[in-house]
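Colleague: show me the folded form of this:
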Amino acid sequence: MNVKTLPFATSSIERRVALVLAAFVFSGTSAYAELQDIILSPCNNISTTYAATAGQAIPTVPPQDIEVSVAGGGDVKFGFAAGAGCTNTGSNVYACAGITVTHPPLDTPVSPATSKIVLSGTAGPSGLGAFTVTVTDAANANTTCTGNYLLHITADGGGWGDPHMITVDGVHYDFQSAGEFTALRQDGFEVQTRQTPVPTTTVPGANEYTGLPVCVSIYTAVAARIGSNRVTFQPNLSQPGLLATSDASGMQLRVNGQLVTLTDSGINLLAGGGSGAVEGRIVPAGGGAIEITDARGTQLVATPTFWNSQQKWYLNLNVYQTSATRGIWGRRPEGSWLPALPDGTSLGPRPESAQQRYQDLYKKFADAWRVTNATSLFDYASGTNTGTFTLDEWPRFNPQSCAIQGQTSVQPTTQQAAQQACNGVTNAAQKADCIFDVFVTGETGFAQSYEAMQRFRPHGTGFQPVLAVQGVPPPPWPWWLWILIGILVLVVIAVLIAKKRRTA
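Modeller: This next block holds a predicted model:
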């Protein structure tokens with residue numbers, strides 16, 4: 001901001017006071033004007049990510065360049081340091097995770113109006129690339145600002161309904177075990193799910209991918225690790241147990257074990273027990289759904305629905321723009337029919353024998369990704385643990401019955417009724433899942449939950465709104481600070497008026 005544009009400031013001291021006031025008022029928002037830009041003064045020292053899918057042409061979603069804004073104008077000098085996964089391929093060109101990063105001549109005064117960091121090319125199949133841009137005011141070497149950029153290959157995944165999974169490499173399969181499992185994991189990020197068995201009067205047909213006819217389950221709780229924070233979204237802890245009913249008033253949200261209330265302003269997840277940088281955010285996603293976003297731009301969305309006849313909450317879970325690859329929603333090793341085991345071991349191609357497929361999926365794979373009391377992220381009522389929510393025999397191999405002793409089995413509906421209920425689901429694969437769920441359980445609420453799930457609009461690829469630095473507006477100032485600002489402004493105005501009267 002150029003102080004000459006402040007007409008009421010007539011002296012050097014007045015201009016300085018006015019500039020301090022203006023900077024104080026506007027500095028809280030200027031760093032958020034362009035999510036990917038470096039703003040030299042005030043410096044935002046930005047850290048952000050660029051998300052791309054494997055094989056994606058860059059740019060497909062604007063903006064694809066990194067600009068510099070300079071208060072008062074003037075030239076700048078660019079510095080460029082390669083990071084992990086980046087290699088120099090020319091005087092002004094680096095390659096990061098398959099993306100070409102072109103920058104202005106280094107250590108040379110250039111106009112920020114015409115000089116940019118530009119991303120282009122095609123994203124590689126895997127890996128990360130990182131680089132740091134340092135911008136210096138050409139007229140003042142003491143004024144510098146940096147931008148730290150992480151380029152990562154991302155994908156979507158999740159599970160919904162009874163539940164049907166989609167892995168981050170696009171495999172669509174059913175996984176009907178009962179218990180708590182790691183759905184997706186990488187450093188600083190993990191999603192764990194609780195699956196609860198559903199007794200039915202009929203035995204569902206075989207899943208197309210696994211070829212196994214098995215009884216079904218639903219998601220009833222989710223837990224996540226976001227940096228150093230632990231978040232859970234689950235039924236009331238006072239109603240524990242594998243087959244317990246749920247409190248119809250709603251699911252409970254906890255952060256690090258503490259019950260919290262989610263409002264439209266959202267919740268910041270801070271490092272170090274609340275004293276550090278923002279590691280993530282929780283915000284409402286509409287229709288009772290919640291969205292949890294981490295510092296990489298990964299979005300985890302949980303859409304809850306209450307099953308009135310069963311007095312249970314169940315969830316649809318979606319993850320968007322994630323670079324995590326391990327877990328039940330994880331990536332398959334080459335030639336494997338299922339995602340890798342926690343140690344990276346491949347289960348190989350799909351066995352011909354149904355018995356062996358069952359052993360691979362519901363014994364070896366399920367037990368490998370089943371959480372333990374030591375690894376669980378969930379909150380538990382006193383006297384309960386992950387074993388409280390485990391039913392090892394579920395699903396049964398080649399079942400003759402899907403009944404559970406002491407539980408009332410749900411009744412199926414007709415195929416026609418199921419198809420009609422699911423007409424509003426637009427995704428073909430999810431529509432087929434919806435029809436299956438409604439048909440097997442007779443619960444038309446599944447159709448509404450699918451429609452609610454598809455209304456969510458995730459971030460696209462491109463620059464992600466990293467929460468630690470940008471994308472989250474500054475917290476609101478307290479009332480007394482606004483009063484102080486008003487007093488300072490009035491003092492400046494009074495001084496100016498008094499001076500004019502003395503000179504009149």
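
Colleague: which parts of the stretch 51-200 of the chain are helices?
Modeller: For the stretch 51-200 of the chain, applying DSSP state H, counting those that start in this stretch gives no helices.

Colleague: can you check the chain too?
Modeller: Using DSSP state H, the helices found in the chain span residues 12-30, 354-359, 366-369, 415-421, 428-441, 445-454, 479-503.

Colleague: avg pLDDT for the longest one?
Modeller: This means helix 479-503. Averaging pLDDT along helix 479-503 gives 76.

Colleague: repeat that for the third one.
Modeller: In this model, helix 366-369 carries a mean pLDDT of 98.

Colleague: looking at the helices of the chain, which is nearest to Leu151?
Modeller: Comparing the helices of the chain against Leu151 with CB to CB, the closest turns out to be helix 12-30 (25.4 Å). Glycine gets a C-beta too; all of them are placed from N, C-alpha and C.

Colleague: for Glu334, phi and psi?
Modeller: Backbone torsions for Glu334, taken as degrees, to the nearest 10, come to phi -60, psi 130.

Colleague: need the contact list for it.
Modeller: With contacts defined as CB atoms under 8 Å, 6 or more residues apart in numbering, Glu334 is in contact with Ser346.

Colleague: would a markdown table of the helices of the chain with mean neighbour count and distance to Trp329 be doable?
Modeller: Converted to a markdown table, the helices of the chain look like this (neighbours: other CB atoms under 10 Å; distance: least, CB to CB, whole Å):
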| stretch | mean neighbour count | distance to Trp329 |
| --- | --- | --- |
| helix 12-30 | 14 | 37 |
| helix 354-359 | 15 | 19 |
| helix 366-369 | 19 | 10 |
| helix 415-421 | 16 | 26 |
| helix 428-441 | 22 | 15 |
| helix 445-454 | 22 | 15 |
| helix 479-503 | 11 | 45 |
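
Colleague: okay, these in a markdown table with distance to Gln252 next?
Modeller: As requested, the helices of the chain are arranged in a markdown table below (distance: least, CB to CB, whole Å):
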| stretch | distance to Gln252 |
| --- | --- |
| helix 12-30 | 33 |
| helix 354-359 | 35 |
| helix 366-369 | 25 |
| helix 415-421 | 29 |
| helix 428-441 | 24 |
| helix 445-454 | 19 |
| helix 479-503 | 32 |
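
Colleague: out of the ones you listed, which comes closest to Gly287?
Modeller: When the helices of the chain are compared by CB to CB, helix 445-454 sits nearest Gly287, at 4.6 Å.

Colleague: quick one: that closest one to chain centroid distance?
Modeller: Centroid separation for helix 445-454 versus its chain: 20 Å, with CA atoms, centre = their mean, to the nearest Å.

Colleague: stretch 243-259 too?
Modeller: On the basis of CA atoms, centre = their mean, stretch 243-259 sits 21 Å off its chain's mean C-alpha point.

Colleague: give me the buried positions along it.
Modeller: Buried residues in stretch 243-259, counted by 16 or more other CB atoms under 10 Å: 243-244, 246, 251-255.

Colleague: just those: which are in strands?
Modeller: Using DSSP state E, the subset of the buried residues of stretch 243-259 located in strands is 252-255.

Colleague: for the protein, which residues score under the pLDDT cut-off?
Modeller: 1-35, 61-63, 273, 465-482, 504 (pLDDT under 70).

Colleague: so what's the residue most central in space within it up against?
Modeller: By CA atoms, centre = their mean, the chain has its centre lying nearest to Gln299, at 1.8 Å. By CB under 8 Å, 6+ apart, Gln299 lies in contact with 291-293, 318-321, 458-459.

Colleague: quick one: list the elements packing against the longest strand along the chain.
Modeller: Longest strand of the chain, by residue count under DSSP E: strand 140-153. Under the contact definition 3 or more CB pairs under 8 Å, 6 or more residues apart in numbering; DSSP states H and E, strand 140-153 sits against strand 38-39, strand 46-52, strand 128-137.

Colleague: of all those, which lies closest to Gly72?
Modeller: Comparing the helices and strands packed on strand 140-153 by CB to CB, strand 128-137 comes nearest, at 9.4 Å.

Colleague: if we ignore the residues flanking it in sequence, what's nearest Ala57?
Modeller: Thr122 (5.6 Å; CB to CB, 6 or more residues apart in numbering).

Colleague: that neighbour and His459, how far apart?
Modeller: 21 Å (CB to CB, to the nearest Å).

Colleague: quick one: Leu40 and Thr49, what's the gap?
Modeller: Separation of Leu40 from Thr49 (CB to CB): 21 Å.

Colleague: ugh, wrong one, I meant Gly327
Modeller: Taking CB to CB as the measure, Gly327 falls 21 Å from Thr49.

Colleague: hmm, Thr108 is touching Lys77, no?
Modeller: Yes: look at Thr108 against Lys77 with CB atoms under 8 Å: they come within range, at 6.5 Å.

Colleague: what sits against Ala354?
Modeller: Ala354 makes contact with 211-212, 398, according to CB under 8 Å, 6+ apart.

Colleague: and for Gly127, the neighbour number?
Modeller: Residues lying near Gly127 (other CB atoms under 10 Å) number 16.

Colleague: which of the residues in stretch 71-91 are buried?
Modeller: Applying 16+ other CB under 10 Å to stretch 71-91 flags 71, 74-78, 80, 82-83, 85-86 as buried.

Colleague: ends of it, what's the gap?
Modeller: End-to-end span of stretch 71-91 (CA to CA, to the nearest Å): 29 Å.

Colleague: domains in this protein, by residue range?
Modeller: 1-30+479-504, 39-153, 155-331+365-410, 413-454 (automatic domain parsing).

Colleague: first vs last residue of the third one, how far apart are they?
Modeller: End-to-end distance of domain 155-331+365-410: 35 Å, with CA to CA as the criterion.

Colleague: just the shortest one next, same as before
Modeller: Distance between the boundary residues of domain 413-454 (CA to CA) amounts to 24 Å.

Colleague: next one: that domain to chain centre, how far?
Modeller: 26 Å.

Colleague: same check on the second one?
Modeller: Shown here is domain 39-153, whose average C-alpha point lies 24 Å from the average C-alpha point of the whole chain (CA atoms, centre = their mean).

Colleague: so who does the closest residue to Gln310 other than its chain neighbours touch?
Modeller: Nearest non-adjacent residue to Gln310, counting by CB to CB, 6+ apart: Val410, 7.0 Å away. Going by CB under 8 Å, 6+ apart, Val410 touches 198-201, 309-310, 441-443.

Colleague: scan the residues you listed and report the most crowded one.
Modeller: Thr441 (29 neighbours).

Colleague: distance of the closest residue to that residue other than its chain neighbours from Glu67?
Modeller: Once flanking residues are discounted, Thr441 sits nearest to Val410: 4.8 Å by CB to CB, 6+ apart. Distance of Val410 to Glu67, computed by CB to CB: 57 Å.

Colleague: if anything else comes up later, I'll come back, but that's it for now.
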